[in-house]
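Undergrad: Below are the sequence and a predicted model; questions follow.
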Amino acid sequence: MGKGKKIEMQIKRIIIHWSAGTYYPTQHEKQCYHYLVDKNGKIYSGIYKPEDNINCQDGIYAAHTGGGNTGSIGVAMCAMAGFKNNFYCGDYPITVAQFESCMKLCAQLCQKYSIEINPSNVMTHYEFGQKNPKTSSFGKIDIIFLPPYSWIPKDDIGSFIRSKIRWYKQKYFGG
């Protein structure tokens with residue numbers, strides 16, 4: 001690498017999605033995300049491990065977030081096919097069991113990979129796109145609405161998610 005600072009590549013963040021599909025993961029979705037959560041809260045592993053996203057230049061990684069895959073774990077709730085707006089979520093709205101299981105999983109991942117729970121390290125795909133308007137993630141709508149918690153405004157969902165993940169991390173890992 002030459003003289004100077006060594007660049008250390010690592011898992012640095014979690015990006016949370018809805019799959020825009022049905023309640024169970026498809027083979028294609030397993031290629032895109034590291035973990036998927038079905039309507040009952042069951043967790044499925046994707047084809048790629050989070051460590052595969054440390055270096056995405058080899059083409060062997062989960063491509064879940066345009067412009068943000070390197071160093072990122074992709075977690076998706078299998079839901080929201082047919083979503084049009086807050087008044088019509090289609091036939092597969094996110095369930096409470098699914099959401100809570102996803103938040104607990106994210107807490108476990110934060111613990112395992114020493115990821116600090118803040119807006120730079122734990123975010124929705126929507127938030128990533130808003131922070132990175134020159135990427136293909138700009139304009140993505142996952143997650144702009146949580147059917148089980150419909151009173152939460154779009155721009156507060158990320159904060160709500162991070163507070164849930166902090167709660168699970170405190171409950172199960174003491175901090």
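TA: Yep, that arrived. Numbering: from 1, shown residues only.

Undergrad: contacts, neighbours, all on C-alpha from now
TA: Fine.

Undergrad: residues near residue 128, how many?
TA: The criterion is other Cα atoms under 10 Å. On that basis, residue 128 has 26 neighbouring residues.

Undergrad: Just the element for it, please.
TA: Counting by DSSP states H and E, the element that carries residue 128 is helix 125-131.

Undergrad: That helix: what's the following helix or strand?
TA: As the chain continues past helix 125-131, the following element, by DSSP H and E, is helix 157-173.

Undergrad: hang on, the earlier thing: the helix holding residue 128: how far from the chain's middle?
TA: 11 Å (Cα atoms, centre = their mean, to the nearest Å).

Undergrad: Give me the buried positions along it.
TA: Taking 16 or more other Cα atoms under 10 Å as the basis for neighbour counts, the residues of helix 125-131 that come out buried are 125-129.

Undergrad: likewise stretch 80-90?
TA: Residues 80-81, 83, 89-90 are the ones in stretch 80-90 that count as buried (16+ other Cα under 10 Å).

Undergrad: now the helices for this protein?
TA: Residue ranges of the helices in the chain, as given by DSSP state H, are 27-32, 96-113, 125-131, 157-173.

Undergrad: so which of the ones you listed gets nearest residue 57?
TA: Judged by Cα to Cα, the one of those that comes nearest to residue 57 is helix 27-32, at 15.6 Å.

Undergrad: how about the closest one: buried residues?
TA: So helix 27-32, judged by 16+ other Cα under 10 Å, has buried residues 29-32.

Undergrad: Please state the mean pLDDT value computed over it.
TA: Across helix 27-32, the average pLDDT comes to 98.

Undergrad: then it to CSV, C-alphas only?
TA: Output for helix 27-32, consisting of C-alpha atoms alone and laid out as CSV, is shown next (Å, rounded to 0.1, in the frame of the first residue of the first chain):
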residue,chain,number,x,y,z
GLN,A,27,-34.0,-16.2,-4.2
HIS,A,28,-33.3,-12.8,-5.8
GLU,A,29,-33.9,-11.1,-2.4
LYS,A,30,-31.5,-13.5,-0.8
GLN,A,31,-28.8,-12.2,-3.3
CYS,A,32,-29.5,-8.6,-2.4
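
Undergrad: which residues touch the closest residue in space to residue 63 that isn't next to it in sequence?
TA: The shortest distance from residue 63 to any residue other than its chain neighbours is 5.0 Å, reached at residue 32 (Cα to Cα, 6 or more residues apart in numbering). When the contact criterion is Cα atoms under 8 Å, 6 or more residues apart in numbering, the partners of residue 32 are 46, 62-64, 74.

Undergrad: Please repeat the previous calculation with a cut-off of 6 Å.
TA: Under the criterion of Cα atoms under 6 Å, 6 or more residues apart in numbering, the neighbours of residue 32 are 62-64.
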